[in-house]
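Trainee: Model the following, please.
(one chain, ligands or ions: 1)
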Amino acid sequence: MNELNAIVDGARAAFGQASTPADLENAKAVYLGKSGRITELMKGLAALAVDEKKSRGAAINQAKQAIEAALVARREGLAEAELLAQLHAESLDVSLPGRRRVAGGLHPVSLSSERIEAIFGSMGFEVAQGPEIEADWFNFTALNTPEDHPARSMHDTFYVEGGTANAPNLLRTHTSPVQIRHAVQHVKKYRHLIDAGQAMPEIRVVVPGRCYRVDSDATHSPMFHQVEGLWVGENISFKDLKVIYLDFIQSFFETKDLDIRFRPSFFPFTEPSAEIDIMFGAGPLKGRWLEVSGSGQVHPNVVRNMGLDPERYIGFAFGSGIDRLTMLRYGVDDLRLFFDGDLRFLSQFQ
Ligand code: PHE
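Mentor: Sure thing, here's the model as predicted:
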């Protein structure tokens, strides 16, 4: 009897020490398994006399039941402890402040684009878009820059594989190709008026968008933004360009204390051509000429590629860097900040 009591006590102690269900199953095997202590005692019964067998068998059974009860109790205990631990780990502190959804906002370059569209919209300009993977024809050839023209090398072009004369084969280096795309559509629409010698509604369009060149430093990014402007009609002059651009740039920077100048330059698709510089009369940039745009009178060859007669139609175009305008407007000195995706920087514009 004492021996049985000792076994039961041993089992209880072993079960009590098991701290995981796996430990408990191992401890169970020691007592109730195939060659466990109780099983071995049962096997020993065979050698006893009949009445001894009876009493001894009953005692062993009792011990076995006691061990089984201890096992069940410990199993429940472990399961409960596990549940408690889980509840504790996943508990909610309802007194903590909730996680708010942060309001998103537009990127500073997008804010500038929208601003530019709104200003030119108020002057009667449409907004057009074009593909970023462009055909050689629209990006260069139609803009009076034939295949062997040295000005092509001024654009550090990303060429893509494939491409035929009219198929996309490069990442556009400027938004100027949309001049041609838009003008051709416009001319198609009003062909009947033009052919009848009547006045065609003027082409007045701005084209904001992404451009690509192999170029990267504090003021150049391989991907950048330009806004192209185009105005074509029967009686447009450089004077109109100056008035429009001055009006635009003063609205953009919200100051009348801002001057512009045209500096002779070269673009294959305009003749004459000029860089547009601006100068603030006050503020941190006061008194310095800053280049913000290329411009010029649309070259007769380009007018022809639009499907118009250069003897009758004339116009101007400009292409301004939106990133540069945005840097000047917000006083940002490194262009790369715009494209690093750092919310600490970007959230300041909201
Ligand atoms: N596309 C020219 C550039 O990227 C800018 C430009 C546009 C110049 C329109 C003249 C007229 O450099």
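
Trainee: Three-state assignment for the closest residue to L241 other than its chain neighbours, please.
Mentor: Using Cβ to Cβ, 6 or more residues apart in numbering and skipping the chain neighbours, the partner closest in space to L241 is F316 (4.1 Å). For every residue, glycine as well, the C-beta is placed using N, CA and C. Following DSSP: H, G, I helix; E, B strand; the rest coil, F316 is assigned to strand.

Trainee: what about F316, neighbour count?
Mentor: 23 (other Cβ atoms under 10 Å).

Trainee: beta partners for it?
Mentor: Beta-bridge pairing of F316 under DSSP bridges involves W231, Q297.

Trainee: Stretch 145-154: which residues count as buried?
Mentor: Buried residues in stretch 145-154, defined by neighbour count with 16 or more other Cβ atoms under 10 Å: 145, 152.

Trainee: Show me which residues of the stretch 1-150 of the chain are close to the ligand?
Mentor: For the stretch 1-150 of the chain, no residue is in contact with the ligand (Cβ under 6 Å from any ligand atom).

Trainee: what about the strands in the stretch 1-150 of the chain?
Mentor: With DSSP state E, counting those that start in this stretch as the criterion, the stretch 1-150 of the chain has strands at 126-127, 133-135.

Trainee: Determine the set of other helices and strands touching the longest helix out of those in the chain.
Mentor: In the chain, with assignment by DSSP state H, the single longest helix is helix 50-89. If you count contacts as 3 or more Cβ pairs under 8 Å, 6 or more residues apart in numbering; DSSP states H and E, helix 50-89 packs onto helix 2-17, helix 21-32, helix 37-44.

Trainee: Show me this structure divided up by domain.
Mentor: The record's domain parsing of the chain by automatic domain parsing lists 2-89, 108-349.

Trainee: quick one: terminal-to-terminal distance for the last one?
Mentor: This means domain 108-349. From its first residue to its last, domain 108-349 covers 6 Å (Cα to Cα, to the nearest Å).

Trainee: from the chain's centre, how far out does the longest helix of the chain sit?
Mentor: 61 Å (Cα atoms, centre = their mean, to the nearest Å).

Trainee: Show me which residues of that helix are buried.
Mentor: 56, 60, 63-64, 66-67, 70-71, 74-75, 78.

Trainee: So which bits of stretch 196-209 are buried?
Mentor: Applying 16+ other Cβ under 10 Å to stretch 196-209 flags 200, 202-209 as buried.

Trainee: how about those residues in a markdown table, adding pLDDT and distance to the ligand?
Mentor: A markdown table is the format used below for the buried residues of stretch 196-209 (pLDDT from 0 to 100; distance: Cβ to the nearest ligand atom, whole Å):
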| residue | pLDDT | distance to the ligand |
| --- | --- | --- |
| M200 | 95 | 21 |
| E202 | 97 | 17 |
| I203 | 98 | 14 |
| R204 | 98 | 14 |
| V205 | 98 | 12 |
| V206 | 98 | 11 |
| V207 | 98 | 10 |
| P208 | 98 | 13 |
| G209 | 97 | 12 |
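
Trainee: low pLDDT regions in the stretch 201-350 of the chain?
Mentor: By pLDDT under 70, the stretch 201-350 of the chain has no low-scoring segment.

Trainee: how about the residues of it that lie near the ligand?
Mentor: 228, 267, 270, 294-296, 317-319.

Trainee: change it to 8 Å
Mentor: Residues of the stretch 201-350 of the chain that fall close to the ligand, judged by Cβ under 8 Å from any ligand atom: 211, 226, 228-230, 267, 269-270, 273, 293-296, 298, 316-320.

Trainee: still on that earlier bit, the buried residues of stretch 196-209 in strands, which ones?
Mentor: 203-209 (DSSP state E).

Trainee: Give the full set of residues in contact with whatever residue of the stretch 1-150 of the chain ends up closest to the ligand.
Mentor: Here the stretch 1-150 of the chain gets closest to the ligand at one residue, L143, 8.0 Å apart by Cβ to the nearest ligand atom. Residues in contact with L143 (Cβ atoms under 8 Å, 6 or more residues apart in numbering) are 176-177, 179-180, 268-269, 302, 305.

Trainee: For those, give me JSON lines that also has secondary structure and neighbour count.
Mentor: Shown next, in JSON lines, are the contacts of L143 (DSSP: H, G, I helix; E, B strand; the rest coil; neighbours: other Cβ atoms under 10 Å):
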{"residue": "S176", "secondary structure": "coil", "neighbour count": "28"}
{"residue": "P177", "secondary structure": "helix", "neighbour count": "27"}
{"residue": "Q179", "secondary structure": "helix", "neighbour count": "30"}
{"residue": "I180", "secondary structure": "helix", "neighbour count": "22"}
{"residue": "P268", "secondary structure": "coil", "neighbour count": "20"}
{"residue": "F269", "secondary structure": "coil", "neighbour count": "25"}
{"residue": "V302", "secondary structure": "helix", "neighbour count": "27"}
{"residue": "N305", "secondary structure": "helix", "neighbour count": "21"}
